[in-house]
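J.: take a look and give me a structure for this.
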Amino acid sequence: MTKTMILVADSSRARLFIADTPKATLREVEDFTSQGGRLQEGELVSDRPGSARSPSGHGLHAYEPPTTAQEEARLQFAKHLVERLEQDRRQGVFDQFVLVAPAAMLGKLRAEMKGPLAKLLVESLDKNLVQQSPEELRTQVSVLL
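T.: Sure thing, here's the model as predicted:
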C-alpha cells in the first residue's frame, strides 16, 4: 500500500491530507494558518525604512530591504510546512506526496525541499484549492484517480 500525503497551500493557509491507499478517503491531518501572509506590509512593519547617504554625496536614499515583511512571512510559512513534511517523512507517515498551491507558493515550497523529501514528490499542481473539500481535491490529484 502506498500512503500519499497531500499538502494544499496558499500564502496564508495550508491543509495536510493523507490517503492510506490510492482509492482511500482523504483524511485531513492538520490545518495551518499564517497571519503574516494575509496582512498588508504596513501591518507587519511598524517603522519606515532607514536611509543612507549616497556614496556620491547627492542626498539621502531610503534603504529598501531585499524582501518585504509580507514576503518574509510567506517564506517562513513555506519553511514551516516543509519542516512538517520532513518530520512526517522521517517517521514514515507517507510514501509519496503531492503539492497543490498557486505558483508563487509552489516555488517557495519546492525551494525549501532537500534530498530525500524532494525525491518523494510525485505530483505538483499550480492551483489554489485550499478551500476545496477532500472529495473535490481528490478529483484534481491524478495519483489518486
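
J.: what about the closest residue to residue 135 other than its chain neighbours, how many residues nearby?
T.: Computed as C-beta to C-beta, 6 or more residues apart in numbering, the closest residue to residue 135 that is not its neighbour in sequence is residue 26, at 7.7 Å. Where you see a C-beta, it was placed from the backbone N, CA and C, and this is true even at glycine. Per other C-beta atoms under 10 Å, the neighbour tally for residue 26 reads 20.

J.: residues contacting residue 26?
T.: Taking C-beta atoms under 8 Å, 6 or more residues apart in numbering, we find residue 26 in contact with 6, 17, 18, 19, 134, 135, 137, 138, 144.

J.: got the phi and psi for it?
T.: Dihedral pair for residue 26: phi -70, psi 130, per degrees, to the nearest 10.

J.: now do it against residue 100, distance only.
T.: To residue 100, residue 26 is 12 Å away according to C-beta to C-beta, to the nearest Å.

J.: so what sits against both of these two?
T.: 6, 137.

J.: with adjacent residues omitted, what lies nearest to residue 84?
T.: Of all residues not flanking residue 84 in the chain, residue 16 sits nearest, at 7.1 Å (C-beta to C-beta, 6+ apart).

J.: and that neighbour, bridged to which residues?
T.: Taking DSSP bridges as the rule, residue 16 bridges to residue 7, residue 30.

J.: and whichever strand or helix holds residue 106, which residues are buried?
T.: Element membership for residue 106, per DSSP states H and E: helix 103-112. Across helix 103-112, burial judged by 16 or more other C-beta atoms under 10 Å covers 105, 106, 108, 109, 112.

J.: measure the fourth one to residue 2 for me?
T.: Using C-beta to C-beta, residue 109 is found at 21 Å from residue 2.

J.: closest to the centroid, which residue in the chain?
T.: Taking C-alpha atoms, centre = their mean as the criterion, residue 78 is the residue nearest the geometric centre of the chain, at 3.8 Å.

J.: confirm that residue sits in a helix?
T.: Yes: assessed with DSSP: H, G, I helix; E, B strand; the rest coil, residue 78 lies in a helix.
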